[in-house]
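J.: Quick one: sequence and predicted model below, then my questions.
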Amino acid sequence: MNELIGRVSECEQLNECLKSQRSEFIIIYGRRRIGKTFLVKKFFDQKFSFYFTGAHNMPYVNQLERFAASIKKYSKSKITPQPKDWYQAFDCLVEYLESLPEGQRKVIFIDEMPWIDTHKSDFVTALENFWNSWAALRDDIVFIACGSATSWLSDKLIENQGGLHNRITRRIYLRPFTLNECEKYLQCINCVWDKYQIVQCYMILGGVPFYYSLLNPKESLVQNIDSLFFKKSAKLQGEFDELYSALFASADKYIAVVKELSLKREGLTRNEIMQSTGISGGGLTRIIDNLEKCDFISGYSNFNNKNKNIIYRLTDFYTLFYFHFIESKKQIDPKFWEHNYMSPKINAWQGYTFELVCLTHIEQIKVSLGISGISTSVSAWRGTYAGANTQIDLIIDRGDRIINICEIKFSSEPYVITKDYEAKLRLRNAIFKSQTKTRKALATTFITVYGVMKNIHSGVVQNEVTAEELFR
C-alpha cells in the first residue's frame, strides 16, 4: 500500500522546510515501525540529493564504507571515497554537494542515525562540524535525521549541549495512527471490517502502520491474528526481541519494567516499579523517560496531586498482547486465537485494553462531549474506603467546574447497568468527592462500544461516548 494515510501536519511542516529561505536541520522521530522512513520517502518522492541508512550492530569501519559507497552512487563517480573517519566522510559529502547546481534545495536524508553512532566513532562531533562549518552557512540545505531510538535523538541532537545546541530547526514526532487513520488504511487495502473489529484489531496492533501492512484483507481478523502471531513462522514471531534490542541498550531492564506494568492493569507508580523490578535511581528514571518518549508507556497524574505519584501504564498494545498471550506459551496452538477468542480470559483482556484505546483517544472523547474548546486536564485517581482500594482510570477535569468521571466498558451489545452497579457508581462518586474535597459537579460518563441500554438504572449516566465517536 503506497498511499500516505494521515500525517497532514507532518507534511505541512516538511513543505515549509522545503520552501524556507534558510538551511533546515529536521529531526523525525517516533516508535519503531511507525512509518518515519515511509513518510520522508513518500513526501520527497525518493528524490534525495543524498540518502544513507545506518545499519544495526555494524562496526564503525563498515558504516564508513557504506557511507562512502552511497556518495559514489549519488555523485555517479567511478571512484569510491576512502574516508578514515566521520570528519573525512562528511568532507567527502560536502565535496559532492558543492558539485550540484546552485539555486535548488539539496535534500539530505540520513535514516537510522542512532545506529551509526557506534562506540568511539565521534560521529556526533563530526556531524556538528559538518552543520556548523558548512550547512548552516548556506540557505539551500534540507538535512533530515531520522531514527527509532528516540532517546538517542533526544539526548544527542535535540537536547545537545555542545555544537548542536539550538541548531535543530524542526522537530517532527510521529505518533501511532488513530482509529480513524487505521480505518482509512484498511479501506485502502480493501478490508471490509466493521468498527467493532477495527477496535479489536487496534487492541492488538495499536496504531502501528507496519503491522497493518501485514494484514490479509481476504481473511477475517481472527485468521489474521493467528497468521501474524501463532502459526508456524508467523510474521511477527520475533518482533518483540527485535523491537526492544533495536531501541534500547540494556534492553533487558526496559523489558523488566514493561513486563511489570503488563501485570498491573491499574498501573504503577515509580516507587512501585522500583520495588517490583529492583531497578532504582537515575537508571530507572532514564528507563521510564525513554519508554515514555517511545510511546510504550504513559504517565497519568493523580487527581489533585499533579506532580506526585504519577501512575504509569503500559500503553503499547503489541507489548501488552505479547506478555498476555505469547511470552508464556512454549508450544503455541497455530489456531490459538480462533480456538480461544471467545474465552473469559480474552474477554477480560479486551475489557482492560479498551480502556487503553480510550486513553489514546482523549481528544476524540472531548469532541464527543462537546468540550474540545474548554480548558481540561486528564488524570486518574486512587483512593481507599473501608479498607478496600478504589480507582478511577479516567477523569476529565474541566475549566467550567464540571468533572467527567469516566467508566469504560467493552461489550458486543449495549451495556446494561444493574441495580448493584448503579449503587456502586454512586458510592464511588461520593467517596471521590469526599476524599478529594472537590466542589465541582461530577458527571458520570460512560464510554462503550454501542452505548448504554436504557433502563431504570441508566439514569446514573449523564454523558455517553460510543466507539463510533472514537473514530472521529
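T.: The structure has been received and is ready for your questions.
J.: quick one, helices of the stretch 201-350 of the chain?
T.: 209-213, 221-225, 239-247, 251-262, 270-277, 281-293, 317-325, 336-340, 344-359 (DSSP state H, counting those that start in this stretch).
J.: So which of these is nearest Gly399?
T.: helix 344-359 (20.7 Å; C-beta to C-beta). (C-beta placed from N, C-alpha, C; glycine too.)
J.: Distance-wise, check Gly282 relative to Ile311.
T.: To Ile311, Gly282 is 21 Å away according to C-beta to C-beta, to the nearest Å.
J.: Looking at the two, which has the bigger crowd around it?
T.: Using other C-beta atoms under 10 Å, the more surrounded residue of Gly282 and Ile311 is Ile311, with 22 against 7.
J.: need the contact list for the residue lying closest to that one once chain neighbours are set aside.
T.: Once flanking residues are discounted, Ile311 sits nearest to Gly267: 4.1 Å by C-beta to C-beta, 6 or more residues apart in numbering. Residues near Gly267 by C-beta atoms under 8 Å, 6 or more residues apart in numbering: 261, 300, 311-313, 380.
J.: now that we have those residues, which one has the most neighbours?
T.: Counting by other C-beta under 10 Å, top hit in these: Leu261 with 26 neighbours.
J.: That one reaches Ser298, doesn't it?
T.: No - using C-beta atoms under 8 Å, Leu261 is not in contact with Ser298, being 10.2 Å away.
J.: list residues touching both of these two?
T.: By C-beta under 8 Å, 6+ apart, Leu261 and Ser298 have these common neighbours: 312-313.
J.: Mind telling me which of the helices of the stretch 201-350 of the chain the model trusts least?
T.: Note on the helices of the stretch 201-350 of the chain: helix 239-247 shows the lowest mean pLDDT, a mean of 88.
J.: name the helices or strands packed onto that helix?
T.: Using 3 or more C-beta pairs under 8 Å, 6 or more residues apart in numbering; DSSP states H and E as the contact test, the elements touching helix 239-247 are helix 251-262, helix 317-325.
J.: and the longest one, how far from the chain's centre?
T.: In other words, helix 251-262. 16 Å (C-alpha atoms, centre = their mean, to the nearest Å).
J.: what does stretch 312-329 give?
T.: 14 Å.
J.: how about that stretch: buried residues?
T.: For stretch 312-329, burial by neighbour count (16 or more other C-beta atoms under 10 Å) applies to 312-326.
J.: Go through the residues you listed and name the one nearest Tyr87.
T.: Tyr87 lies nearest to Asp316 out of the buried residues of stretch 312-329, by C-beta to C-beta, at 38.4 Å.
J.: show me what contacts the nearest residue to the closest one once chain neighbours are set aside?
T.: Once flanking residues are discounted, Asp316 sits nearest to Phe296: 4.3 Å by C-beta to C-beta, 6+ apart. Taking C-beta under 8 Å, 6+ apart, we find Phe296 in contact with 31, 258, 314-316, 319.
J.: now Cys92
T.: By C-beta under 8 Å, 6+ apart, the residues touching Cys92 are 68, 71, 81, 83.
J.: Same check on Val208?
T.: Contacts of Val208 by C-beta under 8 Å, 6+ apart are 31, 33-34, 176-177, 318.
J.: Please report how far the residue nearest to Phe248 when sequence neighbours are not counted lies from Arg33.
T.: Nearest non-adjacent residue to Phe248, counting by C-beta to C-beta, 6+ apart: Tyr254, 4.7 Å away. Applying C-beta to C-beta, the value for Tyr254 to Arg33 is 17 Å.
J.: more crowded one of the two?
T.: Applying other C-beta under 10 Å to Tyr254 and Arg33 shows that Tyr254 carries more neighbours, namely 23 against 20.
J.: and that one, what does it touch?
T.: 244, 247-248, 287, 290-291.
J.: Name the member of the residues you listed that has the highest neighbour count.
T.: Within those, most neighbours by other C-beta under 10 Å means Leu291, with 26 neighbours.
J.: in terms of contact, does that one touch Ile297 like I think?
T.: Yes - between Leu291 and Ile297 there is a contact at 4.5 Å, judged by C-beta under 8 Å.
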